[in-house]
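Chemist: predicted structure and sequence below. I'll ask about it afterward.
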Amino acid sequence: MEHFNDLAAFVAVVREGSFTRAAAQLGVSQSALSHTIRALEQRLELKLLNRTTRSVSPTDEGERLYQTVAPRFADIESELTSLRSLRGAAVGTVRITATEHAARALLLPKLLPLLAEHPAIKIEINSDNRFTDIVANRFDIGVRLGSDVAKDMIAARIAPDMRMRVAGSPAYLARAGRPQTPQALLEHNCIAMRLPTHGGLLSWEFMRDGKTVSVNTAGQLVVNDSRMIVDAALAGCGLAWLPEDLYLDHIDSGRLEPVLDDWMSTYPGYHVYYASRGVSQAVRLVVEGLRVGGR
């Protein structure tokens, strides 16, 4: 940065043709400016300016340096002016990491209207079921269940509590029977979700009378996408354990039937979170659009 300032001082002196005028423009004393130019000449081991009592002009070497750096300083100043004009404006790209379920169920429905209203905003959504460090991975915003948000993040709820529900097709239940307890699932064909972290399978959790029961279910089919789980359950492959909004329409239509509803588990709803209060206007608009009561 010191070298940058020295070059800026040199450009000002050549452009003004005067140490006095250049010093006034830069807001420094004439003696300080003279010292800066001498230090630059000593560092380069070149004489850059011819000085007389009445004028200042560049040497051949100084003229070459001026022609090289002056246009670049002009470009920098132009860009800074352009950036200042964006202060407070809703522009730029907002990068979001969210679970696959949250991305489809919440982000797209709420953010598509915002994109239409603010054409200068771009949104990049990365759907990933693993836990993601938004700072290390350069995301502006994360969306996860409330219990999964780190305590040092600024967070806001964007959805009600999430209920998990077990369901299967009428054909499967007629063939295999209806489980009455979570432990009975061990005798059923359960469609498993492969976790991205360490390659493990998602355990099915149930809550009743203040207690949580976890079951390591098993079955013929393992996938890593909740939409495939719904499709497989509809086809009679086995039982599914998913957020109820993913197949509530199928339950209402009778294509799927719920079981173990008296053991239904509930988790804190999705939250949007970010690392700093000094965020851009674009990020603020996206966060507001995702909040409960927003779009």
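Modeler: Structure's in. What do you need? Just so we're clear, the structure is a prediction, and the values are computed from it rather than from any experiment.
Chemist: in the chain, what helix or strand scores lowest on average pLDDT?
Modeler: Least confident helix or strand of the chain, by mean pLDDT, DSSP states H and E, is helix 60-85 with a mean of 79.
Chemist: contact partners of the following helix or strand past that one?
Modeler: As assigned by DSSP states H and E, the chain's next helix or strand after helix 60-85 is strand 92-98. Here strand 92-98 makes contact (Cβ atoms under 8 Å, 6 or more residues apart in numbering) with 106-107, 120-128, 132, 134, 137-144, 280, 282-283, 286. For the C-beta atoms, the positions are set from N, CA and C on the backbone; glycine is no exception.
Chemist: past strand 92-98, which element shows up next along the chain?
Modeler: helix 100-102.
Chemist: any buried residues in that next one, and which?
Modeler: 101, 102 (16 or more other Cβ atoms under 10 Å).
Chemist: repeat for stretch 230-238
Modeler: When burial is assessed from 16+ other Cβ under 10 Å, stretch 230-238 yields the following buried residues: 230, 232, 233, 234, 236, 237, 238.
Chemist: can you put those in CSV and add distance to residue 211?
Modeler: Converted to CSV, the buried residues of stretch 230-238 look like this (distance: Cβ to Cβ, whole Å):
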residue, distance to residue 211
230, 28
232, 30
233, 27
234, 32
236, 32
237, 30
238, 26
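Chemist: just the buried residues of the contacts of strand 92-98.
Modeler: 106-107, 121, 123, 125, 127, 132, 134, 139-144, 280, 282-283, 286.
Chemist: leaving out chain neighbours, which residue sits closest to residue 121?
Modeler: residue 282 (5.0 Å; Cβ to Cβ, 6 or more residues apart in numbering).
Chemist: doesn't residue 124 make contact with the one you found?
Modeler: No - using Cβ atoms under 8 Å, residue 282 makes no contact with residue 124, being 11.8 Å away.
Chemist: how is the protein divided into domains?
Modeler: For the chain, the structural domains run 2-85, 92-152+272-290, 162-267, going by automatic domain parsing.
Chemist: which of these comes out lowest on mean pLDDT?
Modeler: With a mean of 84, domain 2-85 has the lowest mean pLDDT of the domains of the chain.
Chemist: is it true that residue 73 touches residue 5?
Modeler: No - using Cβ under 8 Å as the test, residue 73 is too far from residue 5 to be in contact (11.3 Å).
Chemist: quick one: the helices in this protein?
Modeler: Here the chain has its helices, by DSSP state H, at 2-16, 19-26, 30-44, 60-85, 100-102, 108-117, 170-176, 226-234, 248-253, 281-290.
Chemist: can you add distance to residue 201 and give those back as CSV?
Modeler: Formatted as CSV, the helices of the chain follow (distance: least, Cβ to Cβ, whole Å):
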stretch, distance to residue 201
helix 2-16, 56
helix 19-26, 66
helix 30-44, 64
helix 60-85, 49
helix 100-102, 16
helix 108-117, 28
helix 170-176, 20
helix 226-234, 12
helix 248-253, 23
helix 281-290, 30
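Chemist: nearest to residue 155, out of these?
Modeler: Residue 155 sits nearest to helix 281-290 of all these, at 9.9 Å, using Cβ to Cβ.
Chemist: tell me what angle that closest one forms with helix 108-117.
Modeler: Using axes from the mean of the first three to the mean of the last three Cα atoms, to 10 degrees, the direction of helix 281-290 lies 140 degrees away from that of helix 108-117.
Chemist: in helix 281-290, which residues are buried?
Modeler: Those would be 281, 282, 283, 285, 286, 287, 289, 290, for helix 281-290 by 16+ other Cβ under 10 Å.
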